[in-house]
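Q: Here is my input; please provide its structure:
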Amino acid sequence: MSTSKRKGVPGSTHTLATLSGSACVQGSAPSSDQDTVDFRDMELEETKVWVKKLGLEAYRAEQIRRWVFRYRTRSFEGMTTLSKEFRKYLDAHATISQLRLVKTEVSVDGTKKFLFELDDGSRIESVLIPERDHVTACISSQVGCAMGCRFCLTARQGFTRNLKSSEILNQVIQIGQSMDEPKRLTNVVLMGMGEPLANYGEVTKAIRNIISSDGLNFSRRRVTLSTCGLVPGVERLGKELPVNLAVSLNAADDNTRNHLMPVNKKYPLRQLMDALMVFPLQKGRRITIEYILIKGVNDRLTDASTLARLLIRLKAKINLIPFNPFEGSGLEAPHENTIQAFRDELMRANYTAIIRQSKGQDISAACGQLNTRFNGPRQRSSAKVR
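A: Residues are numbered from 1 along each chain as shown. Next up is the predicted model:
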């Protein structure tokens with residue numbers, strides 16, 4: 001059996017068989033100046049391609065992912081099913097990224113808000129929402145948001161950049177790791193900072209790693225993506241990755257929606273409804289319509305009846321969310337009686353309509369309240385885990 005100098009492998013000369021931990025393999029490793037790979041930013045097939053370039057068997061990718069996702073290991077040294085030589089190589093040429101936790105705030109209702117810092121110093125917020133029998137992770141897809149919705153504090157922050165799939169995924173992982181009972185974390189909603197469909201590639205890659213059996217192994221039925229209504233993204237998602245869909249609608253006529261949500265000027269209600277009508281739904285599922293009630297803007301009984309007519313052909317349930325105030329918005333939540341009357345009007349039209357009182361208001365973790373209050377580069381922090 002021949003030996004070969006492995007470029008980029010710490011130490012000196014190793015046989016290819018020694019590095020693989022099994023039989024002799026062919027090919028050479030990438031050179032030492034190659035970019036470090038992040039296993040939390042890769043899917044199974046990408047990981048297989050990477051290990052094959054090293055001349056290793058494809059099943060090594062599955063071993064690595066088992067450690068990274070099932071056991072949530074933060075160290076290559078602990079991957080004891082791999083040879084020591086291979087672990088040393090991984091330590092030099094790969095990483096298992098994580099976010100830097102800056103601060104955690106806890107609401108009186110048990111909601112937790114996490115402020116995370118990214119490699120470039122940008123910051124995002126994520127929320128742990130306790131329910132009666134489970135916990136939901138509400139995660140962000142962008143640093144800030146470019147959609148400009150009037151009722152959303154994140155929009156005031158403006159847009160900085162899209163998140164990488166690993167930065168999306170790590171929110172779920174690290175929220176789970178913060179819990180005493182991680183198994184109670186069963187639901188994931190992409191309803192944090194940013195518009196998920198404006199970061200389509202990285203968001204769907206993260207979702208695939210969240211729901212895949214060799215990833216975090218969440219049920220597809222427990223993952224929900226919320227959009228303001230980017231019609232091409234809705235259509236593409238329906239064809240490629242039909243998870244639960246929530247739509248931030250907030251008005252049933254174009255004039256009102258144009259006023260609240262600039263996206264409606266590009267993708268008006270008729271186009272959006274057409275896209276939702278053909279969105280594939282899992283058995284027993286409906287599209288969730290999110291409707292933020294704002295005093296004097298969209299809270300009249302005529303608004304409710306217009307909404308009922310708009311949705312008449314759609315399999316939908318409606319979440320009514322009283323506006324969560326923030327300084328400078330110029331908007332208010334309706335009176336409780338107005339909210340109940342709006343719901344009752346929808347129920348008379350045979351819709352499932354639920355009034356959702358947002359949790360975490362006292363820590364600015366409620367719907368539309370996320371804002372890092374900081375939007376610029378800081379001293380770079382390393383997310384590499386050894």
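Q: Domain boundaries for the protein, per the record?
A: Domains of the chain are assigned by automatic domain parsing as 16-95, 100-363.
Q: Mean neighbour count and distance to Thr372 for these - can I get that in TSV?
A: Any C-beta I mention is one placed from the backbone N, CA and C, and that applies to glycine too. Output for these, formatted as TSV (neighbours: other CB atoms under 10 Å; distance: least, CB to CB, whole Å):
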stretch	mean neighbour count	distance to Thr372
domain 16-95	17	22
domain 100-363	19	4
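Q: closest to Asn371 out of these?
A: domain 100-363 (4.5 Å; CB to CB).
Q: That closest one: end-to-end distance?
A: Across domain 100-363, the straight-line distance between its terminal residues is 20 Å, by CA to CA, to the nearest Å.
Q: so what's the residue nearest to Val127 when sequence neighbours are not counted bridging to?
A: Excluding its sequence neighbours, the residue lying closest to Val127 (CB to CB, 6 or more residues apart in numbering) is Cys138, at 4.1 Å. Under DSSP bridges, the beta-bridge partners of Cys138 are Val127, Val189.
Q: Cys138 and Lys359, how far apart?
A: 10 Å (CB to CB, to the nearest Å).
Q: list residues touching both of the two?
A: By CB atoms under 8 Å, 6 or more residues apart in numbering, Cys138 and Lys359 have these common neighbours: Ile129.
Q: returning to that earlier point: and the domains of the chain, which one's lowest on average pLDDT?
A: The minimum mean pLDDT among the domains of the chain belongs to domain 16-95 (a mean of 82).
Q: That one: how far from the chain's middle?
A: 26 Å (CA atoms, centre = their mean, to the nearest Å).
Q: Okay, helices next: where are they in the chain?
A: Applying DSSP state H to the chain gives helices spanning 16-20, 44-53, 59-65, 84-93, 153-157, 165-177, 200-211, 231-240, 254-260, 263-266, 269-277, 301-310, 336-348.
Q: What are the contacting residues of the third one?
A: In this case it means helix 59-65. Under the criterion CB under 8 Å, 6+ apart, residues 20-21, 39, 44, 47-48, 50-51, 79, 81-82, 86, 90, 214-215 lie in contact with helix 59-65.
Q: need the contact list for Ile207.
A: Counting by CB under 8 Å, 6+ apart, Ile207 touches 190, 223, 225, 241, 243.
Q: and stretch 38-57, how far apart are its ends?
A: 19 Å.
Q: which residue sits closest to Asp41, ignoring its sequence neighbours?
A: Closest residue to Asp41 apart from its sequence neighbours, by CB to CB, 6+ apart: Ser166 at 3.8 Å.
Q: quick one: the one you found and Val135, what's the gap?
A: According to CB to CB, Ser166 and Val135 sit 22 Å apart.
Q: Report the contact partners of Asn244.
A: 221-225, 282, 285, 288.
Q: do the same with Ser329
A: 150-151, 153.
Q: cutoff 7 Å now
A: Phe151 (CB atoms under 7 Å, 6 or more residues apart in numbering).
Q: next one: phi and psi at it?
A: phi -70, psi -30 (degrees, to the nearest 10).
Q: try the one 5 residues further on
A: Dihedral angles of Pro334 (phi, psi; degrees, to the nearest 10) stand at phi -70, psi 170.
Q: ok, it to Leu311 distance?
A: 20 Å.
Q: returning to what we had before: out of the contacts of Asn244, list just those in strands.
A: Members of the contacts of Asn244 lying in strands (criterion: DSSP state E): 223-225, 288.
Q: Show me which of those residues is closest to Asp254.
A: Thr288 (21.3 Å).
Q: can you pull the contacts of the closest one?
A: 246, 317, 319.
Q: Which of those residues fall in strands?
A: Under the assignment DSSP E, the contacts of Thr288 contribute 246, 317, 319 to strands.
Q: For the second one, which non-adjacent residue is spatially closest?
A: It refers to Lys317. Counting by CB to CB, 6+ apart, Lys317 lies nearest to Thr352, which is 4.3 Å off, once chain neighbours are set aside.
Q: Ile211 versus the one you found, what's the distance?
A: Distance of Thr352 to Ile211, given as CB to CB: 25 Å.
Q: Also Lys265?
A: Distance from Lys265 to Ile211, by CB to CB: 34 Å.
Q: and if you look at Leu245?
A: Taking CB to CB, one finds Leu245 at 15 Å from Ile211.
Q: what do you get for Leu190?
A: From Leu190 to Ile211 the distance is 12 Å (CB to CB).
Q: try Gln171
A: As judged by CB to CB, Gln171 and Ile211 stand 15 Å apart.
Q: swap in Lys113?
A: As for Lys113, its distance to Ile211 is 25 Å (criterion: CB to CB).
Q: just Glu181 next, same as before
A: On the measure of CB to CB, Glu181 and Ile211 end up 21 Å apart.
Q: circling back: can you redo the contacts of Thr288 as JSON lines with distance to Ala146?
A: Listed next are these as JSON lines, based on distance: CB to CB, whole Å:
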{"residue": "Ala246", "distance to Ala146": "19"}
{"residue": "Lys317", "distance to Ala146": "28"}
{"residue": "Asn319", "distance to Ala146": "24"}
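Q: Great, nothing more from me.
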